[in-house]
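# Sharing a sequence plus its predicted fold:
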Amino acid sequence: MTIPAVPGKIFSLKDKRPGPIAQFLITFLVRKLIPFVFGVLRRFAPVFRFPFTNTVIVTSFDHVQEVFQRQNDFPVPYQRQVDLLDWKPTFLLAMKDTPDYWQTLEQVKKIWSASDLEFVREIARDVSEAELKKAGGRIDAIQDLMVPVTEAVIERYYGVPIPAEARQPFFDGCMHVAGFLFGSQSLAPKAVESAQQAISTVWKVIDDAIAAAHKNPLPENTIIGRCHALKITNDEHLRSYLMGMIMGYLPTNTLANGHAFDVILGDATAYRIGCAAAEKEDHELVQRVVREALRISYILPGLWRTTPEAVELGIGSTKTYKIEKDRMVYISGMSAMKDPRRIAKPDTFDPERSRDVYMVYGHGFHYCVGAAIADVMMEEIFTALLRRAPRAEGKMIFNGNFPWTLNITYRS
Ligand code: HEM
């Protein structure tokens, strides 16, 4: 069932950009205060019950990985939100370790086939090159490069065109719903209502695309075209998968591209290695540079889990921690990836680190199903950018925690 659009003013993140003082405080909180406090916790209290709340914060590398790996003791809490959004059938990240989860994962992997990566790469490369050529030496790297690449993949690969008049509410709606699902976990009536309003715009774009594809079938190298042609699943499941693969993709990609670029421009070693790799079109090295940049400035402070039963954390180590039943557990990959117990010189940029230190795409059971897609997109965007020796004109402007604008000049 589609939630009807709520009449009145269309929700827009753009209108809701916090004022300068609020923005300063958000940036300070997310980029300075939380990393500092989590760093202190990691050192002295890696599993910490936040006073007067139901929340336990987990910050050390080993404990974060342990929570990720014990999915039955620490399931995700997102089904509550999914129900409130009337999103049926539900999607991977809200699911527990059940046969239904594995069946859904199998279908998603059949539709989003690994053999599509070259097509995604082609789209990301074409759009990056075209936008940079068109702009001729000065561009807003977020709005005029990273967003159009993201959009082009949804349109050309997923087969979901975003009409011009729906573009802003579609993007804003995705960001807003992702915040509702994975952010503060507030189920206050106002938060629910605005999330319902935001998702209705996204459903409409998806449903229109599926209906249009029935009238004019899409080629089999698109998600909708393939699903229809090979009859992989029905439209009810397809629209739910599309919603999940858009929600998992659009906000994270926007955040990741912006955060990584910010680090690369601000770190002399990252910049030098990144530009040299891009010059040689060494995609593997570009990818390592981007991944290391994301380790240094991760996109979010943490992810949520719950405890349906009381559990003990730290199994096999000298100290264990008891966590009561029905706690909300906030696991910080951001903090874990800076844990000096496991990562040598964690504040130094070093793209030669073992892959095992990264939890950029999560770890274990819910490991990101779109990681390879995100990697090829970032390889192409950053290769196109860095081979033009970009220079920032000023600091990146954020909208809340989302990178919003970064004007750069570059060799055209
Ligand atoms: C750089 C970009 C991305 C980052 C940093 C990222 C990060 C993550 C993380 C950390 C998780 C695990 C969440 C958890 O354990 O609670 C995850 C899961 C997921 N991601 Fe991504 N992701 C990115 C791109 C994508 C893309 C491009 C797609 C889709 C095409 C996608 C779809 C998903 C889905 C569906 C899940 C849930 C998988 C499951 O439950 O089995 N992500 N992602």
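Structure received. Numbers count the residues shown, from 1 in each chain.
# which residues does residue 76 contact?
The contact partners of residue 76, taken as CB atoms under 8 Å, 6 or more residues apart in numbering, are 93, 94, 95, 96, 304, 305, 306, 366. In this view, the C-beta of every residue, glycine as well, is placed from N, C-alpha and C.
# ok, which of the residues you listed also contact the ligand?
Contacts with the ligand are made by 93, 366 out of those, judged by CB under 6 Å from any ligand atom.
# Pick out the residue closest to the middle of this structure.
Central residue of the chain (CA atoms, centre = their mean): residue 252, 1.9 Å from the mean position.
# Any part of the helix or strand where that residue lies near the ligand?
Following DSSP states H and E, one finds residue 252 within helix 250-266. Yes - under the criterion of CB under 6 Å from any ligand atom, the ligand is reached by helix 250-266 at 252, 253, 256.
# residue ranges of the helices in the stretch 151-300 of the chain, please?
167-182, 189-215, 223-229, 235-247, 250-266, 268-279, 283-296 (DSSP state H, counting those that start in this stretch).
# do you know which of these lies nearest residue 396?
Across these, residue 396 has its closest neighbour in helix 250-266 (5.2 Å, CB to CB).
# Could you check the angle the closest one makes with helix 283-296?
Angle, helix 250-266 to helix 283-296, by axes from the mean of the first three to the mean of the last three CA atoms, to 10 degrees: 100 degrees.
# Export helix 250-266 to PDB, keeping only CA atoms.
Taking Å, rounded to 0.1, in the frame of the first residue of the first chain, the C-alpha atoms of helix 250-266 are listed here in PDB:
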ATOM      1  CA  LEU A 250      21.600   7.700  -1.400                       C
ATOM      2  CA  PRO A 251      22.300   9.200   2.000                       C
ATOM      3  CA  THR A 252      25.400   7.000   2.700                       C
ATOM      4  CA  ASN A 253      26.900   7.800  -0.700                       C
ATOM      5  CA  THR A 254      26.400  11.500  -0.300                       C
ATOM      6  CA  LEU A 255      27.900  11.400   3.200                       C
ATOM      7  CA  ALA A 256      30.800   9.200   2.200                       C
ATOM      8  CA  ASN A 257      31.800  11.100  -0.800                       C
ATOM      9  CA  GLY A 258      31.700  14.400   1.000                       C
ATOM     10  CA  HIS A 259      33.600  13.200   4.100                       C
ATOM     11  CA  ALA A 260      36.300  11.400   2.100                       C
ATOM     12  CA  PHE A 261      36.900  14.400  -0.100                       C
ATOM     13  CA  ASP A 262      37.100  16.700   2.900                       C
ATOM     14  CA  VAL A 263      39.900  14.500   4.400                       C
ATOM     15  CA  ILE A 264      41.800  14.100   1.100                       C
ATOM     16  CA  LEU A 265      41.800  17.900   0.500                       C
ATOM     17  CA  GLY A 266      43.000  18.600   4.000                       C
END
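# Which other helices and strands does that helix contact?
Contacts defined by 3 or more CB pairs under 8 Å, 6 or more residues apart in numbering; DSSP states H and E place helix 250-266 against helix 147-152, helix 167-182, helix 268-279, helix 283-296, helix 371-386, strand 402-405.
# Check what pLDDT the closest residue to residue 314 other than its chain neighbours gets.
Once flanking residues are discounted, residue 314 sits nearest to residue 320: 4.1 Å by CB to CB, 6 or more residues apart in numbering. Predicted confidence (pLDDT) for residue 320: 96.
# what's the answer for the one 4 residues further on, then?
At residue 324, the pLDDT value in this model is 97.
# Not counting residues beside it along the chain, what's closest to it?
residue 310 is the one closest to residue 324 (CB to CB, 6+ apart), at 5.5 Å.
# cool, residue 383 as well?
residue 278 (4.6 Å).
# ok now do the one you found, which residues does it touch?
Taking CB under 8 Å, 6+ apart as the test, what residue 278 contacts is 286, 382, 383, 384, 385, 386, 387.
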